[in-house]
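**Q** Sequence and predicted structure, then a few things I'm wondering about:
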Amino acid sequence: MNNDLVLIDEPHFIIDMMYARTNNMVGQAVYQDIGFGNQAYLVKAAAEKLFSLIPLLEKYHYKMRICDAYRPPEAHNRLLEIIPIEGFFAKDYQKSNHCHGTAVDVCLTDFEGNNLLYPTEIDAYEKQYQEQVLKGDFAAFQKHLIKARHDYQGASVEAIKNREFLKDLMESHGFEAIPHEWWHYNLKGWQHYPVID
Ligand SMILES: [Zn+2]
């Protein structure tokens, strides 16, 4: 097992780390604030699995947007402080696969980098919910999070088709989905990798 981090720097992947910008659910560029910036790192095995997607991305004329990958524990603690909703950020950075370098938050885009349609944005981000959450009002956002689930069937046919296509693609290339966030994928075998600080 190799837990060195590898930088994802390849033209089929659009690096758009959401916590390095302010239009995210926490409203702060946390990754910039801690000096991490807009960089996507993963453990070598996970990076290799992502790179194994390139022939299929070519075939379908897609790119992949990466909105989170390795997350420094310090950043996780700040995110959790801002949004302490059960199940949104892991209660303990030890339990976040992002802090182990074994998780990615992704969606597919067209070749120009426009996101395909999904049931929600990544992180279920919407400005109105961000504003409510930052005032400490979590109820409406928590209700909205139902739409982030893989079993949510209320979205358009196209959005559901795209969500399922992404899931098939990731699960056939060494990743596993989690039920409550359509954009989040863990490397299979993540249990063997430690937190990286
Ligand atoms: Zn995630």
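**A** Happy to help now that I have it. Everything numeric in this text was worked out from a predicted model, so none of it was measured.
**Q** send the alpha carbons of stretch 190-197 over as PDB?
**A** C-alpha atoms of stretch 190-197 as PDB (Å, rounded to 0.1, in the frame of the first residue of the first chain):
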ATOM      1  CA  TRP A 190     -10.100   2.800   1.200                       C
ATOM      2  CA  GLN A 191     -10.200   1.100   4.700                       C
ATOM      3  CA  HIS A 192      -6.400   0.400   4.300                       C
ATOM      4  CA  TYR A 193      -5.300   4.000   4.000                       C
ATOM      5  CA  PRO A 194      -4.500   6.300   6.900                       C
ATOM      6  CA  VAL A 195      -5.300   9.900   7.400                       C
ATOM      7  CA  ILE A 196      -2.700  12.200   5.700                       C
ATOM      8  CA  ASP A 197      -1.700  15.400   7.500                       C
END
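**Q** Write down the beta-bridge partners of whatever residue of the chain ends up closest to the ion, one by one.
**A** Nearest residue of the chain to the ion, counting by CB to the ion: residue 184, 3.6 Å away. C-beta coordinates here come from the backbone N, C-alpha and C atoms, glycine included. Counting by DSSP bridges, residue 184 is bridged to residue 105.
**Q** Go ahead and confirm it touches residue 178.
**A** Yes. Between residue 184 and residue 178 there is a contact at 5.5 Å, judged by CB atoms under 8 Å.
**Q** more neighbours, these two?
**A** residue 184 (22 against 15; other CB atoms under 10 Å).
**Q** And the more buried one, how close does it get to residue 75?
**A** 16 Å (CB to CB, to the nearest Å).
**Q** and what of residue 158?
**A** 34 Å.
**Q** Low-confidence ranges, the chain, go.
**A** 1 (pLDDT under 70).
**Q** for it, which helix is longest?
**A** In the chain, with assignment by DSSP state H, the single longest helix is helix 157-171.
**Q** what sits up against that helix?
**A** 53, 56, 106-108, 116-119, 150, 153, 155, 176-177, 182, 185 (CB atoms under 8 Å, 6 or more residues apart in numbering).
**Q** mind redoing it with 10 Å?
**A** 49-50, 53, 56-57, 60, 62, 64, 104, 106-108, 115-120, 147-150, 152-156, 175-177, 182-186, 188 (CB atoms under 10 Å, 6 or more residues apart in numbering).
**Q** Please, a ChimeraX command that selects the buried ones among these?
**A** A single ChimeraX command selects the buried members of these (16 or more other CB atoms under 10 Å):
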select :49,50,53,57,62,64,104,106,107,108,115,116,118,119,120,148,149,150,152,155,175,177,182,183,184,185,186
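**Q** give me the number of residues near residue 14?
**A** Residue 14 has 16 nearby residues by other CB under 10 Å.
**Q** Correct me if wrong: it contacts residue 109.
**A** Yes. With contacts counted by CB atoms under 10 Å, residue 14 reaches residue 109, the gap being 6.4 Å.
**Q** measure the spatially most distant residue from the centre of the chain to residue 18 for me?
**A** Of all residues in the chain, residue 135 has its C-alpha farthest from the mean position, at 24.0 Å, by CA atoms, centre = their mean. Distance from residue 135 to residue 18, counting by CB to CB: 20 Å.
**Q** Nice, that's everything, thank you.
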